[in-house]
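Q: Kindly generate the corresponding structure for this input.
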Amino acid sequence: MMQTFRNNMKIIFYVLIFFFVGWMAVTLTGLDDYLLQQSQEELQGMKYAGEVAGEKIDRSSYEMRVQNTVNMASSQRASGNLSAWEIDQIADQVWNELVNDIVLGQAYDRRSIDVYDSEVIEYIRGNPIQELRESPQLQTDGRFDFDKYLALLANPAAASLVLELEREARQKIPSLKLFLEVGSLSKLTDAEVERAFRSVQEKVSVVYVEFDPDSIIADSEVRVSDEEVAAYYEKHKDQYNRPETAQLEYILLPLTPGAQDSAATLDSLTAVAAMLAKGEQWDSLAARYSQDPLASSGGDLGWFARGDYTDEEMARLAFSQKPGETSPPTLTASGYQIVRTDSVRTNDGVRQVKARRILLKVVPGRKTLRNVRSRARNLRKLMSAQTATFTAVATDSGFVVSQTGEFTVGNQIPGLQVTRELLDFLYSAKENQLSYPINVIAQGSSTGDMVMLARVIARKKKGLIPLEEAGASIRRLLVLEAKKELARGRIEPLLAGYDDYDNLTAFAVDKGLPVDTSGMFSRASGLTGMGRNNEFIGTAFGLPIWLKSPLIETERLYYLLEPLEHKKADMSQLEENRKRLFDQLVSSRMQAFFSLFSSELMKSMDVKDFRNNTPRSDTADSQAAADQGQN
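A: Model prediction:
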């Protein structure tokens, strides 16, 4: 045994040297501290979602709240499914709510803001929630009945509802108190109310001459160095943050119902007609099967004359029947429908009928959808070939290629309605990536669902726009600023003898300058193209009519103007509008004060986000790929 140990000693010796050298490398390079730090961060992230001003947010509580919010959002959607992008947005929303709760909670404590039972009762009595306002049980003659609401609150059977209302009130009252406390710091004077009234009621019209430095100074006369561009970028970096954006090019394959789809719709409506023949109630069948917006009221079309509805075949059926008669299933412009004529009358010499209908629209069936998606997949294969391009294949196949322009991922997509399939594709799609067939609805289209194939033209990550990308716009901005400085030197010589002219129009005609005339405008409305709060507007209201202005400098341009008409505000109308205007101004100012207070309060808090500190796999990308593979 000892001999065996001696024989293996050399191997053991080399193994020990290997581990010793490895340990020394890790220690001397500081890698051991890094690994320890990474491990601690991961452990911290597994236990906590984050920390706000020293108060930790439990990860399990955060994830449970996210899941509950996702479940609620899913239950309110017909398909029951949310995209991966939408779930991420919900997670961020929950995170922000938790941070706000802690920040405001600490503000309540510092200001000793408490909630008393009497305040809760008063709040619940005075602020019925929207769901209760719209409840049929609390309506009288189609309007919310406050007495019924109070009776509901007093009913012991509604104890669980009252508890829920109390919980909501105790959450909202502290923030309302803080809002009133912070907003009350703003005092509104009578002079400010009068000034606001004048800003809306007082109006002027002017004649003016515009000097555009960009037209006066040639580009070749201005030089902006790379160093100036870089310096501007460094100084204004906060202005160059952007959300995640994308740009698509796409084609749409229409889903046109075929003969089989029409026959299937007719069979379905024939079955409904058979139920009617067996004595089932019309209104019940209409509510269950009709695809008419009026289905919930039994498809009641009301009284109508010929020409009142665009569906002429439906009207023909209604007018061709006697009261009480029902048509067989008939194809009309709206789809297959059964029409029942209830009454006939003549009103002011015009014959009218009162009728009901059960409507089933002819829509593409599964086979039609499979065929169109199969064609789209074949097109995608051609587009994926190395020698092919998206546009070339689409054009050769007879399709028009459209582009979305740049849009923020998650927001409205120009020309398209956002769907779950489309969001799922955008969630993980890279630049130049082709989509699989996606069901979409084109905005403004009357053809309904279509199948889309898309290519990501550009994809830009959220964050700071790099100098290389922002440089062109910065250079243009600096060029315009330089031109503006040079332009003044060109304009001022033109103004020699300006004071000798009777009016601005005479001066402009003599100098060959274009002159424009505005309509009436107020300080509040401003003038289109001029904005509201600038030197042009101030001068227009400050000068007497027929008096020429000196040269006016705004942010980008120079002007000369002359007031033509000045309509003073009728201050006699102020008194009858004073309270309403005062309340509007107070509310607006309080909101501005509270917004500023909240923003400053949030900036002062130390917020740490640990949500991404846990070991993660690329599950989102894997799921997105799996979803695409199913197509």
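Q: Next, the contact list for residue 169, please.
A: Contacts for residue 169 (C-beta atoms under 8 Å, 6 or more residues apart in numbering) come out as 115, 119-120, 123-124, 127. (Glycine included, C-beta is placed from N, CA and C.)
Q: Inside helices: which ones of these?
A: 119-120, 123-124 (DSSP state H).
Q: which among these end up buried?
A: Buried subset of these (neighbour count, 16 or more other C-beta atoms under 10 Å): 119-120, 123-124.
Q: Show the residue spans covered by the helices in the stretch 151-300 of the chain.
A: Secondary structure of the stretch 151-300 of the chain (DSSP state H, counting those that start in this stretch): helices at 159-183, 190-201, 213-216, 226-235, 259-277, 282-289.
Q: Looking at those helices, spot the one closest to residue 589.
A: Across the helices of the stretch 151-300 of the chain, residue 589 has its closest neighbour in helix 159-183 (7.3 Å, C-beta to C-beta).
Q: I'd like to know how far residue 331 sits from residue 236.
A: 64 Å (C-beta to C-beta, to the nearest Å).
Q: er, residue 350 I mean
A: Residue 350 is 69 Å from residue 236, by C-beta to C-beta.
Q: now swap in residue 479 and tell me
A: Computed as C-beta to C-beta, the residue 479 to residue 236 distance reads 16 Å.
Q: what's the answer for residue 205, then?
A: Counting by C-beta to C-beta, the gap from residue 205 to residue 236 is 38 Å.
Q: swap in residue 218?
A: In terms of C-beta to C-beta, residue 218 sits 27 Å off from residue 236.
Q: cool, and residue 68?
A: Residue 68 is 42 Å from residue 236, where distance means C-beta to C-beta.
Q: what does residue 162 give?
A: Residue 162 is 54 Å from residue 236, where distance means C-beta to C-beta.
Q: and the two? which has more neighbours close in?
A: residue 162 (15 against 12; other C-beta atoms under 10 Å).
Q: dump the residue contacts of the more buried one.
A: Residue 162 neighbours (C-beta under 8 Å, 6+ apart): 124, 153.
Q: just residue 566 next, same as before
A: So residue 566 contacts 202-204, 541, 544-545 (C-beta under 8 Å, 6+ apart).
Q: Now go through these and say which are in strands.
A: Among the contacts of residue 566, the members found in strands (DSSP state E) are 203-204.
Q: out of the contacts of residue 566, who has the most neighbours?
A: residue 204 (23 neighbours).
Q: Who does that one form a beta bridge with?
A: residue 521, residue 566 (DSSP bridges).
Q: Can you check what pLDDT the model gives it?
A: Listed pLDDT for residue 204 reads 94.
Q: Equivalent analysis for residue 218, please.
A: You'll see residue 218 listed with a pLDDT of 94.
Q: Around it, how many other residues sit close by?
A: Look at residue 218: counted by other C-beta under 10 Å, it has 10 neighbours.
Q: three-state assignment of the residue most central in space within the chain?
A: Closest residue to the average C-alpha location of the chain: residue 411 at 5.3 Å, with C-alpha atoms, centre = their mean. What DSSP: H, G, I helix; E, B strand; the rest coil gives for residue 411 is coil.
Q: before we move on, the earlier item: tell me the one of the contacts of residue 566 nearest residue 362?
A: Residue 362 lies nearest to residue 203 out of the contacts of residue 566, by C-beta to C-beta, at 56.1 Å.
Q: Please give me every residue in contact with residue 410.
A: Residue 410 touches 85, 89, 244, 423, counting by C-beta under 8 Å, 6+ apart.
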